[in-house]
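Engineer: prediction below, plus the sequence it came from.
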Amino acid sequence: MLIQRSRHKYRTKHGRALKAAAVVAGLAVGGAGVGVAMASTSTDSPAAAVPVKGTPGADGVKDSFFPKAGNGGYDALHYALDLAVEPKGKTVLSGTSTMTAKATQDLSRFNLDLSRLTVKKVMVDGTEATFRHKGTELEITPVNCIAKGERFKVAITYGGRPGVLPDSTEESPDGWVTTDDGAMVMGEPLGAMTWYPVNNTLHDPATYEVAVTVPSGLTAVSNGRYLGKKSAGAGKDTFRWNNDNQIVPYQTALAVGKFTLQTGKTESGVPIVNAVDPRQRTASRDILRRIPEVVEWGEKLFGAYPVDTAGAIVDHAPKVGLALETIGRPTYAKAPVSTVMAHEYAHQWFGDSVWLSDWSQIWLNEGLATYAMWMWDEEEGRATTQQWFDGLYRLPADNELWAFPPAKPGKPKDLFAPPVYYRGAMALHKVRQAVGDKAFLKILKTWTAEHKHRHATIEEFIALTEKISGKETRKIFNVWLHSKGKPAHP
C-alpha cells in the first residue's frame, strides 16, 4: 500500500512527507502510522443461548498487534455476500453474508468480527441461532454443537451505516469510505469487518462471491471475475463477482460509484477489468493500458502471476491518498502513476499470494513491494535502485526513517511508517549487492513459488537467501532490519 500525493511524490500509508531530505529525481518518501481502535457498540438477540456440548472457539488469534482480531474454532472456506448499497445521503448497507466453514474443534460457540453494523438474524445450517454483538465481536451460539471436522453454514442478516474504524484519518482511512457518488473500501489492516462479518485474521483466507444491488446508473465492483449485471427491478441493478483465489480479509474489495467498466486481457490470457470514475478517465487512461506490461514485468522478476484476474479500481476521492493491493484489482483513490501501480502489483506476489504470519512481519509485504517499485523505476529510466538507496542514506540520523528497525515495528501505528517501506527496501538492496543479481532474482522467484498461498516469516526469508546464495546474509539483515538507529556504513 502507498499514499500518493502528486505525480512525482509518494508516501507510505498513514504517512506524512519525509521532508526535503528525500530522495532522487524529484521523488519524496514518508509516512507515520496511526493506531487502530475498535468501535464500541452492543446489540443482543432477545433469546438466551441454548446450552450445548463442546467448547467455545477463541475470540482472538493473538496477533502481536491485534490480539482480539480473528477467531478460533473453525476454518472459513467461502463467503457469499448478497448486499444492497444505497448511497443517497449517508450510505446504507444491508444484506446477508453466508459463511461456509469447517469446525476445527467440537464447537459450542464461535465468533465473527463486525464493526458498526447491526445484526438482525443469524442462522446456522438453516436453524436460527442466538447471538450477542458487543464492540466488534459477534458471538454466535448454535442450537446444536458442531462436531470437529463438520462443515456448516452461517447466514447473517445485517445492515446499517458503515464507516471507517476509529483512529482512521480522512487521508488514511481503514474501512468503508463514503465518496460523493458511493463508497470504496480501504481494508488494511482491519477494515474488512466494516462491511461484512468476517474471521478477520491473516490466518483464515477464503474464496468469495459478491452480489451487490445498487441504484441504476451506479456500478458495484469487487475482486475476481465479473459475472455480469442484471436488473433487480425498481430502478436497481445487481452486479455479480466471483473470486476463486484464496483471499485474506484485508485484500477484499468493494467500490460503488459511477464507474465505467473496461475489459481486456494480458498476453497470457488473464482477464482484465478496470472500473474507472469518469473524472479520472483521462488521467488514468495511459497507465491502465500498461497493466499487461506491469503483469509481464512482475512475472519476469517474481514468477508466474499468482492471480486469475487483473485490473484496477480507480475512484475519485481527492482527500484520500491511499492505494491498496486488493487482490487482482488494486484500488486507487485517484489515477495512479506507474510507480504506484508497480508497487501494488508487486503485492500480488508479496502479500496477496505469500501471506504474513503476523502483522509484526509487515516488512515481508512492504519492504519487498517497495524494492520492486525501485526496480521498476530503474527499468523505466528514472532513478536507479542505487540512487534510491543513496538518497535515503543521506537522511540524518534523527530522521523518522531510522526511528525503529523494520523487522521490529513497536506499535500498530508503526506498521506503515517509513522504516518498514524504505529502510526495508534498503536491506534488500544490500543483500542484492552481497549475493549478486543472479542469486537475488532466484531468491525472489523461489520465495514466491515455495510460499504461494502459504504463511511466511522473515526468518524463513533470511534462511532462503543464505541457502540459495551460499553466503552469510544474516549479518546484513541484522544491521538493516533488526538494529536500532542509522547504520554506520552505507
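Structural biologist: Sure, I can see it. Small disclaimer: the values here were computed from a predicted structure and weren't measured.
Engineer: quick one: contacts for Asp174?
Structural biologist: 36, 164-165, 168, 186-191 (C-beta atoms under 8 Å, 6 or more residues apart in numbering). In this view, the C-beta of every residue, glycine as well, is placed from N, C-alpha and C.
Engineer: just the ones of those residues in strands?
Structural biologist: Using DSSP state E to define strands, the subset of the contacts of Asp174 located there is Met186.
Engineer: tell me which residues of stretch 225-243 come out buried.
Structural biologist: Buried residues in stretch 225-243, defined by neighbour count with 16 or more other C-beta atoms under 10 Å: 225-226, 232, 236-243.
Engineer: doesn't Trp388 lie inside a helix?
Structural biologist: Yes: assigned with DSSP: H, G, I helix; E, B strand; the rest coil, Trp388 falls within a helix.
Engineer: what ranges do the strands span in the stretch 1-150 of the chain?
Structural biologist: Assignment of strands within the stretch 1-150 of the chain using DSSP state E, counting those that start in this stretch yields the ranges 2-6, 9-12, 42-44, 55-56, 74-86, 92-103, 107-113, 118-124, 127-128, 130-134, 137-141.
Engineer: those: which one's closest to Trp388?
Structural biologist: Among those, the nearest to Trp388 by C-beta to C-beta is strand 9-12 (11.3 Å).
Engineer: now that closest one: mean pLDDT?
Structural biologist: Strand 9-12 shows an average pLDDT of 40 in the prediction.
Engineer: equivalent analysis for stretch 190-201, please.
Structural biologist: Confidence for stretch 190-201, expressed as mean pLDDT, is 98.
Engineer: distance to Asp286, pLDDT and secondary structure added to the buried residues of stretch 225-243, as CSV?
Structural biologist: Written out in CSV, the entries for these read as follows (distance: C-beta to C-beta, whole Å; pLDDT from 0 to 100; DSSP: H, G, I helix; E, B strand; the rest coil):
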residue, distance to Asp286, pLDDT, secondary structure
Arg225, 26, 98, strand
Tyr226, 23, 98, strand
Ala232, 35, 98, strand
Lys236, 34, 97, strand
Asp237, 30, 98, strand
Thr238, 32, 98, strand
Phe239, 27, 98, strand
Arg240, 30, 98, strand
Trp241, 26, 98, strand
Asn242, 30, 98, strand
Asn243, 28, 96, strand
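Engineer: what is the burial count for Ile362?
Structural biologist: 26 (other C-beta atoms under 10 Å).
Engineer: model confidence score at it, please.
Structural biologist: The model reports Ile362 with a pLDDT of 98.
Engineer: that one contacts Pro412, correct?
Structural biologist: No: using C-beta atoms under 8 Å, Ile362 makes no contact with Pro412, being 10.3 Å away.
Engineer: JSON lines for the strands of the stretch 1-150 of the chain, including mean neighbour count?
Structural biologist: Below are the strands of the stretch 1-150 of the chain laid out as JSON lines (neighbours: other C-beta atoms under 10 Å):
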{"stretch": "strand 2-6", "mean neighbour count": "20"}
{"stretch": "strand 9-12", "mean neighbour count": "24"}
{"stretch": "strand 42-44", "mean neighbour count": "12"}
{"stretch": "strand 55-56", "mean neighbour count": "14"}
{"stretch": "strand 74-86", "mean neighbour count": "20"}
{"stretch": "strand 92-103", "mean neighbour count": "19"}
{"stretch": "strand 107-113", "mean neighbour count": "25"}
{"stretch": "strand 118-124", "mean neighbour count": "18"}
{"stretch": "strand 127-128", "mean neighbour count": "12"}
{"stretch": "strand 130-134", "mean neighbour count": "19"}
{"stretch": "strand 137-141", "mean neighbour count": "22"}
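Engineer: out of the ones you listed, nearest to Arg281?
Structural biologist: Of all the strands of the stretch 1-150 of the chain, strand 2-6 sits nearest to Arg281, with 17.5 Å by C-beta to C-beta.
Engineer: what is the mean pLDDT for that closest one?
Structural biologist: Taken as a whole, strand 2-6 has an average pLDDT of 56.
Engineer: one more: stretch 310-330?
Structural biologist: Stretch 310-330 comes out with an average pLDDT of 96.
Engineer: likewise stretch 392-399?
Structural biologist: Rounded to a whole number, the mean pLDDT of stretch 392-399 is 98.
Engineer: end to end on it, go ahead and measure it.
Structural biologist: Start-to-end span of stretch 392-399 (C-alpha to C-alpha, to the nearest Å) is 10 Å.
Engineer: which of the buried residues of stretch 225-243 lies closest to Arg285?
Structural biologist: Using C-beta to C-beta, Tyr226 is the member of the buried residues of stretch 225-243 that sits closest to Arg285, with 20.1 Å.
Engineer: the closest one and Thr309: what is the separation?
Structural biologist: Using C-beta to C-beta, to the nearest Å, Tyr226 is found at 9 Å from Thr309.
Engineer: overlap of the contact sets of these two?
Structural biologist: Counting by C-beta under 8 Å, 6+ apart, the shared contacts of Tyr226 and Thr309 are Val273.
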